[in-house]
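*Asks:* What follows is a predicted structure for the sequence shown.
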Amino acid sequence: MGGFGLSTTSTGGHVEFEGRITWYVVLCGIIAATGGLMFGYDIGISGGVTSMDDFLEKFFQGVYVKKHEAKESNYCKFNNQGLQLFTSSLYLAAIIASFFASKACSKYGRKRTMQAASLFFLAGVALNAAAVSLPMLIIGRILLGFGVGFANQAVPLFLSEIAPVRIRGALNILFQLQITIGIFIANIVNYFTSKLHPWGWRLSLGIAGVPALILFLGSMLITETPTSLIERNEHEQGRQVLKKIRGTDNVNAEFEELVHASEIARQVKHPFRNLMKRNSRPQLIIAILMQVFQQFTGINAIMFYAPVLFQTMGFKNNASLLSAVITGLVNVLSTIVSVACVDKAGRRALLLEACGQMLIAQTIIGGILAATLHDNNTLGKGMAVGVVLLVCLFVSGFAWSWGPLGWLIPSETFPLETRTAGYAFAVSSNMLFTFLIAQAFLSMLCQMKSGIFFFFAGWIIIMALFVKFMLPETKGIPMEEMTERVWKNHWYWKRFMVEDECELSKMEKGISP
C-alpha cells in the first residue's frame with residue numbers, strides 16, 4: 001500500500017522501527033475517531049437543548065418559568081438539579097462503563113469494543129429523541145453514557161497502537177479533533193432546530209445517531225490493532241496486519257517487541273491489582289491528574305453551557321446559539337493546530353503555552369463580569385462581544401493542549417500489561433470529574449457568580465506547575481520503551497521504577513546500577 005515515506009532512524013542509540021505512514025492507517029484513524037464525533041456532538045447538543053423553551057416547558061417547567069421571570073438573577077435562572085442531571089447522568093454511566101470496556105478491550109479487542117459503543121449510543125439516541133417523560137430521557141442518557149465510556153476507552157488506545165511512533169500524537173489527536181467537530185456540528189444544528197417548534201429538540205437529539213451509525217458501519221472496514229491480536233495469541237494475523245499498516249515487510253523488530261511486551265503482559269493475571277504496585281504509580285498518577293486538570297480548566301463548563309452562559313450575559317436565544325457556533329469553530333481550527341504541532345513541538349510546550357493563554361482569558365472574563373454584570377442587568381453590546389472573543393481565546397488554548405493531550409498522554413505511557421486497566425482509570429476519572437463539573441456548574445455559577453472564572457484560573461496555575469516539574473516529555477518514544485527511556489530517567493519518577501533502595505541511591509548519584 002502507498003504511503004508517505006519510509007524511515008529507519010537511530011535516536012540516542014535506539015533504532016526506530018521501519019515503516020511508511022500508509023493511507024490505510026490514516027483511513028483507520030479517521031473511522032475510529034468517529035467515536036469522538038459521537039462524544040463531541042453530545043457535549044454540544046445537550047447545552048443547546050437545555051436552553052430551548054420547548055424542551056424546558058415539557059420536562060423542566062420550573063426552569064422554564066424562572067428563565068422568563070425578569071427579576072430572576074442572571075446567574076441563577078438555570079439552576080436546577082434535574083436539568084443538571086439530564087446533562088451529567090451520561091458521565092455517571094460512563095464511569096461504570098469504562099471498567100467493563102477495559103475488560104472488553106482485552107478480551108475481544110479494540111475494534112469490537114468500538115462496535116459495542118456505537119450500539120449502546122444508538123439505543124440511547126432512540127430513547128432520547130422519542131422521550132415523553134423525564135425517566136425515559138434519563139435512561140436514554142445512561143445508555144449514551146455506556147456508549148461514550150466504551151468509545152473513549154477503545155478509540156484512543158486503537159489510535160496510539162496503530163500509529164507509527166513519529167506521528168502517534170497527530171493520529172491520536174484525530175479523536176479530539178472529531179470531538180471538536182461534533183461540538184461544532186451540534187451548535188449549528190441547535191441554531192436551526194431552535195426555530196422548529198415544538199419538536200426541534202427531538203431532531204437535535206436524534207441526529208446524534210448519525211456518528212454512531214458511521215462508527216458501526218465504518219468499523220467493518222478497519223483492522224484490529226497488531227497489539228491486540230498478539231495479546232490474544234493471534235500472532236500470525238498480528239504480523240500480517242503490522243505489515244499492512246506499516247507498508248513494508250520489514251516489521252520483525254517491531255513485531256518482536258510487541259510479542260515480548262505481550263509475553264510480559266500475559267504473566268500479569270490481575271492488571272488492576274498490578275496498577276497499585278510501586279512501578280505503576282507514575283503512569284497512573286499522571287493519567288488521573290491529566291483528566292482532573294482537563295476538567296478543571298473550566299472547558300466543559302463553557303462547552304456544555306455555552307448557550308446558557310451567553311444568555312446569562314444578555315444575549316438573546318438565537319444570538320447565544322450563534323455565539324456557541326463561533327466558539328465551536330475556533331475549537332475545531334485550534335485542534336488542527338495541535339495535530340500539526342504535537343509531534344514537533346512536543347507535549348509539554350503546548351501544555352505550558354496554553355496554561356498562560358487560558359489563565360489570561362479566565363482572569364479577564366471574571367474581571368469584566370465582576371465589574372459589569374450584576375443580578376438583573378445585561379452587558380453592553382461591545383462588552384458582550386469582548387467576552388465572546390475572550391472565550392474564543394480560552395477555547396483555542398485548550399483545544400491545542402489539554403483537550404487532545406488529556407487523551408493522548410495516558411494512552412501512550414502505560415506498558416501493555418496494565419494498558420487497558422490503566423486507561424480505564426483515566427477514562428473513568430475523566431467521566432467522574434466531567435460529571436461533577438456538569439452537575440455542579442449551574443449551582444456554582446449561581447453561588448459564586450463571576451468568581452467561578454477565578455476559581456478555574458487558580459486551577460490553571462496549579463496545572464502549569466505540574467507540567468513544569470512532574471510531566472515528562474513522551475514525543476517520539478515507542479510505547480514499549482517508555483519505562484526505560486522516560487520513567488527511569490525522570491528526576492522524580494525514577495525512584496518508583498526500582499524496588500531496591502541501594503539501586504535507587506546509586507541512580508540518584510548518577511552511578512550505573
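*Replies:* The structure has been received and is ready for your questions.

*Asks:* Need the contact partners of stretch 116-127.
*Replies:* 35, 38, 97, 101, 104, 136-137, 139-151, 154, 205-206, 208-209, 212-213, 215-216, 219 (CB atoms under 8 Å, 6 or more residues apart in numbering). The C-beta positions use only the backbone N, C-alpha and C, and glycine is treated the same way.

*Asks:* what's near enough to touch residue 245?
*Replies:* By CB under 8 Å, 6+ apart, the neighbours of residue 245 are 19, 22, 24-25, 28, 162, 223, 226.

*Asks:* So which of those is the closest to residue 410?
*Replies:* residue 162 (17.1 Å; CB to CB).

*Asks:* any idea how far residue 111 is from the closest one?
*Replies:* Here residue 162 is placed at a distance of 11 Å from residue 111 (CB to CB, to the nearest Å).

*Asks:* ok, the two, which is more surrounded?
*Replies:* residue 162 (29 against 21; other CB atoms under 10 Å).

*Asks:* That one against residue 26, yeah?
*Replies:* No: using CB atoms under 8 Å, residue 162 is not in contact with residue 26; the gap is 9.9 Å.

*Asks:* which residues are common contacts for the two?
*Replies:* Joint contacts of residue 162 and residue 26 (CB under 8 Å, 6+ apart) are residue 171.

*Asks:* Over to residue 197: give its phi and psi.
*Replies:* Per-residue torsions, residue 197: phi -100, psi 140 (degrees, to the nearest 10).

*Asks:* ok, now residue 251?
*Replies:* Dihedral angles (degrees, to the nearest 10) for residue 251: phi -120, psi 10.

*Asks:* ok, how many other residues are close to it?
*Replies:* So residue 251, with other CB under 10 Å, has 23 neighbours.

*Asks:* what about the nearest residue to it once chain neighbours are set aside, helix or strand, and which?
*Replies:* Excluding its sequence neighbours, the residue lying closest to residue 251 (CB to CB, 6 or more residues apart in numbering) is residue 242, at 4.6 Å. Per DSSP states H and E, residue 242 falls inside helix 235-246.

*Asks:* Would you mark the buried spots in the helix or strand following that helix?
*Replies:* As assigned by DSSP H and E, the chain's next helix or strand after helix 235-246 is helix 252-266. Within helix 252-266, the residues that qualify as buried are 254-255, 258-259, 261-262, 265, counting by 16 or more other CB atoms under 10 Å.

*Asks:* what is the mean pLDDT for the helix or strand harbouring residue 335?
*Replies:* Remark: residue 335 resides in helix 317-345, with elements defined by DSSP H and E. What helix 317-345 shows for mean pLDDT is 85.

*Asks:* Name the next helix or strand following that helix along the chain.
*Replies:* In N-to-C order, the element after helix 317-345 by DSSP H and E is helix 347-372.

*Asks:* now that following helix against helix 317-345, angle please.
*Replies:* Counting by axes from the mean of the first three to the mean of the last three CA atoms, to 10 degrees, helix 347-372 lies at 150 degrees to helix 317-345.

*Asks:* what comes up buried for helix 347-372?
*Replies:* So helix 347-372, judged by 16+ other CB under 10 Å, has buried residues 347-355, 357-366, 368-369, 372.

*Asks:* Kindly report the same for stretch 94-107.
*Replies:* 94-95, 97-106.

*Asks:* now it: how far from the chain's centre is it?
*Replies:* 16 Å (CA atoms, centre = their mean, to the nearest Å).

*Asks:* Span of stretch 443-457 from start to end?
*Replies:* 18 Å (CA to CA, to the nearest Å).

*Asks:* Check which residues of that stretch are buried.
*Replies:* Buried, per 16+ other CB under 10 Å, within stretch 443-457: 444-446, 449-450, 452-453, 456-457.

*Asks:* same thing with stretch 119-131?
*Replies:* Applying 16+ other CB under 10 Å to stretch 119-131 flags 119-129, 131 as buried.

*Asks:* Spatially, which two of those residues are the most separated?
*Replies:* Farthest apart among the buried residues of stretch 119-131 - using CB to CB - are 119 and 131, which lie 19.3 Å from each other.

*Asks:* quick one, domains of this structure?
*Replies:* Annotated domains of the chain cover 23-68+81-222+268-476, 223-267 [automatic domain parsing].

*Asks:* Provide a list of residues in contact with the residue most central in space within the chain.
*Replies:* Note on the chain: the residue nearest the mean C-alpha position is residue 407, at 5.2 Å, using CA atoms, centre = their mean. Residue 407 sits next to 152, 156, 172, 175-176 when contact means CB under 8 Å, 6+ apart.

*Asks:* Now with 7 Å, please.
*Replies:* With CB atoms under 7 Å, 6 or more residues apart in numbering as the criterion, the residues that contact residue 407 are 156, 172, 175-176.

*Asks:* ditto for residue 262
*Replies:* Contacts of residue 262 (CB under 7 Å, 6+ apart): 230-231, 416.

*Asks:* distance of it from residue 122?
*Replies:* In this view, residue 262 and residue 122 are 33 Å apart by CB to CB.

*Asks:* One more: residue 423?
*Replies:* For residue 423 relative to residue 122 (CB to CB), the value is 24 Å.

*Asks:* Please identify the buried residues of the helix or strand hosting residue 174?
*Replies:* Residue 174 is part of helix 168-193 when elements are defined by DSSP H and E. For helix 168-193, burial by neighbour count (16+ other CB under 10 Å) applies to 168-191, 193.

*Asks:* Show residues contacting whichever helix or strand comes after that helix.
*Replies:* Reading on from helix 168-193 to the C-terminus, the next helix or strand found by DSSP H and E is helix 200-206. Helix 200-206 has contacts (CB under 7 Å, 6+ apart) with 45, 48-49, 52, 54-55, 125, 128-129, 189-190, 193-194, 196.

*Asks:* Any stretches of the stretch 401-513 of the chain with poor pLDDT?
*Replies:* For the stretch 401-513 of the chain, the stretches flagged by pLDDT under 70 are 499-513.

*Asks:* Same check on the stretch 251-400 of the chain?
*Replies:* 300-321, 374-379.

*Asks:* ok, how many other residues are close to the residue nearest to residue 181 when sequence neighbours are not counted?
*Replies:* Of all residues not flanking residue 181 in the chain, residue 332 sits nearest, at 5.5 Å (CB to CB, 6+ apart). Applying other CB under 10 Å, we find 19 residues neighbouring residue 332.

*Asks:* surely residue 332 meets residue 179?
*Replies:* No: Residue 332 is beyond contact range of residue 179, at 9.5 Å (criterion: CB atoms under 7 Å).

*Asks:* rewinding a little: now the helix holding residue 335, how far from the chain's geometric center?
*Replies:* Chain-centre distance of helix 317-345: 14 Å, with CA atoms, centre = their mean.

*Asks:* Same check on stretch 444-455?
*Replies:* Worked out by CA atoms, centre = their mean, stretch 444-455 lies 24 Å from the chain centre.

*Asks:* who touches that stretch?
*Replies:* 75-76, 79, 362-363, 365-366, 369-370, 373.
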